[in-house]
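Q: Next comes the sequence, and after it the predicted model I'd like to discuss.
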Amino acid sequence: MEGKKKTKKGVKYFLIFILFLAIGIFLGVFGALKYLENKDKEQIELKEEIVNNEPEDITDNEELQSTITTLHNIVNNNSIFYSTKGITAENISNNDKLIYIYSNLYQNKKGEASSLTQKEYGSSNCEYDFLLDNDTNLFGLDNKCTTTEYNIDFFKEVNKNTFNSDTLDTTKEFAPENNIKCVSSDNKYICGKVANTSGITGKLEPKFEITKVTRDDDFTITIYDKGYLVDKRSNVIANKEHDNYYLHSSDSKEYYYELKSADNLTFKHTFKTTDRKNYYYVSSELVE
């Protein structure tokens, strides 16, 4: 008798355990399904909110003025960003990148003064065809070419910060101006004066002013600017009636002697961020 009672009691406890286990599983599954359902609703609502929300106008946001100015200086100092065909960080040529980065390093005084000695007695230049200094005594012993050296790591750093890219061929020689050349040697670029074989001096100077700046929900900043390029190149045919020659963009073919604001082109420049603080260049395009 005693054994039967124990058996019935054990079965009873087992059935109660199974019942509570089933209830627990049911509540767990029900809770998980509810959680996933709510999560899906939140994602849908978030997507709808992003689609429906207009970008925030930050043109006059005082806290972001420094960031806006810094980003606009990236494009407004180089005419390559003002092409009616559009340009992206991915399709900027390696040569144009090197020229842009050189300009950045030059302006920020990242170079170190250096010099090369005369190639050989009586020669008018040094290694890499750099020209002798104007005040060099050809018959003296201190004939030299003044140069500037830039660590190639600086080039890679600017490339990463500006274009969010690790792709840059720093073995290539390039000419940031018609009378200046930079050559790669021992993890540095050596830059100095060379003969101007083209005979052309001057360049296209961007004259664009910001008209509007927006920021999306993912913190993408878009800068709209309007203006023109002043053609300071010496091969432009002079005309006594006009002081300057203007172009709407770097690939313009027609010169304008007087530009009214209504005639100027508007470009949009896009910058993205991964940390909401440091931005990199993405693209520039003409606003239709």
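A: Received the coordinates, thanks.

Q: buried sites along stretch 125-133?
A: Judged by neighbour count using 16 or more other C-beta atoms under 10 Å, the buried positions of stretch 125-133 are 125-126, 128-133. Quick note: C-beta positions are derived from backbone N, CA and C, even for glycine.

Q: domain assignment for this protein?
A: What automatic domain parsing lists as the domains of the chain is 56-62+201-286, 93-193.

Q: now for the first one, what's the gap between its first and last residues?
A: The first and final residues of domain 56-62+201-286 sit 21 Å from each other (C-alpha to C-alpha, to the nearest Å).

Q: who wins for proximity to residue 23 among the domains of the chain?
A: Across the domains of the chain, residue 23 has its closest neighbour in domain 56-62+201-286 (43.0 Å, C-beta to C-beta).

Q: Could you pull up the mean pLDDT of that closest one?
A: Averaged across domain 56-62+201-286, pLDDT comes to 92.

Q: Measure how far that domain is from the centre of its chain, please.
A: 15 Å (C-alpha atoms, centre = their mean, to the nearest Å).

Q: Check stretch 89-97 too.
A: Using C-alpha atoms, centre = their mean, the offset of stretch 89-97 from its chain centre is 10 Å.

Q: And for stretch 101-115?
A: 19 Å.

Q: How far does it stretch from one end to the other?
A: End to end - C-alpha to C-alpha - stretch 101-115 spans 22 Å.

Q: which of the residues in that stretch are buried?
A: 101-102, 104-105, 110-111.

Q: Over to stretch 229-237?
A: 229-231.

Q: So which of these are in strands?
A: In strands, judged by DSSP state E, the following of these are found: 229-231.

Q: any idea how far residue 154 is from residue 71?
A: 20 Å (C-beta to C-beta, to the nearest Å).

Q: Would you mind telling me which of those two has the busier surroundings?
A: Using other C-beta atoms under 10 Å as the criterion, residue 154 and residue 71 rank with residue 71 on top: 22 against 18.

Q: What is the strand or helix carrying the more buried one packed up against?
A: Assigned by DSSP states H and E, residue 71 falls within helix 65-76. Where contact means 3 or more C-beta pairs under 8 Å, 6 or more residues apart in numbering; DSSP states H and E, helix 65-76 is packed against strand 204-215, strand 221-231, strand 265-273, strand 279-286.

Q: would TSV of those with distance to residue 189 be doable?
A: Converted to TSV, those look like this (distance: least, C-beta to C-beta, whole Å):
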stretch	distance to residue 189
strand 204-215	24
strand 221-231	27
strand 265-273	27
strand 279-286	22
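
Q: Looking at those, which is nearest to residue 66?
A: Closest among those, using C-beta to C-beta: strand 279-286, at 11.7 Å.
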